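Trainee: let's see this in three dimensions:
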Amino acid sequence: MLRIPRIPWLWVICALVALWLAVICYFIHEEGGGAPPDRGASSVSALRTAAAAAVRTRDPAAFQRLFAPDDAGSRYASRYLTGLFAHPVAGLRLATEPYQGLRYLVLRGTSGERTVCSAWTIQRYGARSVLSAVPPLADVCGATAPAGGP
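Mentor: Residues are numbered from 1 along each chain as shown. Got it, this is the predicted structure:
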């Protein structure tokens with residue numbers, strides 16, 4: 001007669017717990033794999049270039065994709081670009097600027113006699129660089145204004 005070896009219950013429980021942990025780790029890895037490839041850009045310079053192209057062509061969909069998922073409302077970019085170009089704007093330029101230990105994407109231009117300036121914090125989301133729609137607490141536009149200008 002063939003004898004079946006007995007496996008102690010402790011080993012069975014340990015194996016089930018290990019399997020359960022492996023499955024949980026797999027799903028966490030798959031869910032938190034970073035920003036989707038259509039969000040943000042692969043680097044800060046690519047993010048600046050993509051933002052400049054989206055603003056120049058007034059493309060709200062392309063501009064919206066530069067923000068972290070669930071950070072900006074679904075119509076944030078559309079409303080921002082509509083408000084920006086409600087009046088003629090001249091000399092628009094985008095630059096990345098450091099301020100108080102953070103890096104910002106700063107848009108500057110002029111509309112008549114007034115200066116137009118907006119700043120977004122650049123963040124890492126997974127392996128991608130994205131913009132944050134949360135307004136910075138610091139006065140980035142005033143503090144990082146180019147010399148000789150407002």
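Trainee: now the most centrally placed residue in the chain: which helix or strand?
Mentor: The structure's the chain has its C-alpha centroid closest to residue 130; by CA atoms, centre = their mean the separation is 2.3 Å. Per DSSP states H and E: residue 130 is located in strand 128-132.
Trainee: which strands or helices does that strand pack on?
Mentor: helix 44-56, strand 114-125 (3 or more CB pairs under 8 Å, 6 or more residues apart in numbering; DSSP states H and E). From N, CA and C alone the C-beta is placed, and that goes for glycine too.
Trainee: any chance of those in a markdown table, plus distance to residue 25 and mean neighbour count?
Mentor: Output for the helices and strands packed on strand 128-132, formatted as a markdown table (distance: least, CB to CB, whole Å; neighbours: other CB atoms under 10 Å):
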| stretch | distance to residue 25 | mean neighbour count |
| --- | --- | --- |
| helix 44-56 | 31 | 17 |
| strand 114-125 | 21 | 18 |
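Trainee: looking at these, which is nearest to residue 72?
Mentor: strand 114-125 (9.4 Å; CB to CB).
Trainee: list the neighbouring strands of that closest one plus their orientation.
Mentor: strand 102-111 (antiparallel), strand 128-132 (antiparallel) (DSSP bridges).
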